[in-house]
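In: need a 3D model of the sequence below.
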Amino acid sequence: MQNILFVCLGNICRSPMAEFIMRDLLQQQGLSARVQVDSAGTSGWHDGEDMHGGTAEILDEMHINSSGFRSSKVKASDFEHFDFLVAMDHDNLRQLEALFGVHPDKMFVITDLVPELGYHGVPDPWYTHDFNETRTLLQAACQQLLHKL
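Out: Next comes the predicted model:
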């Protein structure tokens, strides 16, 4: 069993979208029993809240069920529990490294998996309001992560 944690700032936009896109890809490939996926935020600002409506709308458009989601903050035990802690941007990665040290084989920015797209992190749709851009990047990066597994 492998465990993946997607991490963004508030755990309501990018990381939940990555979590559910990856779950859907794993289900399509028949790998759901071999890989567990979750998400968390570095801030804890939205602990216990549902995902952002923009993220939920994108997942609904993709016919991905995201019911039951609740935002949570990264915990000290996450480093031991998860095989990969996948940050949405370099700020999130720096915060993970401040907690757990530098471990490039275990903790990295998701867009590093798709350098050909020319992004150095997934822009936060909380600020950009472009949830379609987030979906496009995360679909490509999650597909590459699936190959990496």
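In: where do the helices sit along the chain?
Out: Using DSSP state H, the helices of the chain run over 14-28, 53-61, 78-81, 90-100, 125-128, 131-148.
In: identify each buried residue in the last one, please.
Out: Right, helix 131-148. The neighbour-count check on helix 131-148 (16 or more other Cβ atoms under 10 Å) flags 131, 134, 135, 137, 138, 139, 140, 141, 142, 145, 146 as buried. Using the backbone N, CA and C atoms, a C-beta is placed for each residue, glycine as well.
In: how far off centre is it?
Out: In terms of Cα atoms, centre = their mean, to the nearest Å, the centre of helix 131-148 is found 10 Å from the chain centre.
In: now the fourth one
Out: Offset of helix 90-100 from its chain centre (Cα atoms, centre = their mean): 14 Å.
In: run the angle between it and helix 14-28 for me.
Out: Interaxial angle of helix 90-100 relative to helix 14-28 (axes from the mean of the first three to the mean of the last three Cα atoms, to 10 degrees): 90 degrees.
In: ok, and what's touching helix 90-100?
Out: Contact partners of helix 90-100, identified using Cβ atoms under 8 Å, 6 or more residues apart in numbering, comprise 7-9, 42, 74, 76, 79, 85, 87, 103, 107-109, 120-121.
In: list the buried residues in it.
Out: Here helix 90-100 shows 92, 93, 95, 96, 97, 100 as buried, counting by 16+ other Cβ under 10 Å.
In: please indicate which of the contacts of helix 90-100 are buried?
Out: If we count by 16+ other Cβ under 10 Å, those have these buried: 7, 8, 9, 42, 74, 79, 85, 87, 107, 108, 109, 121.
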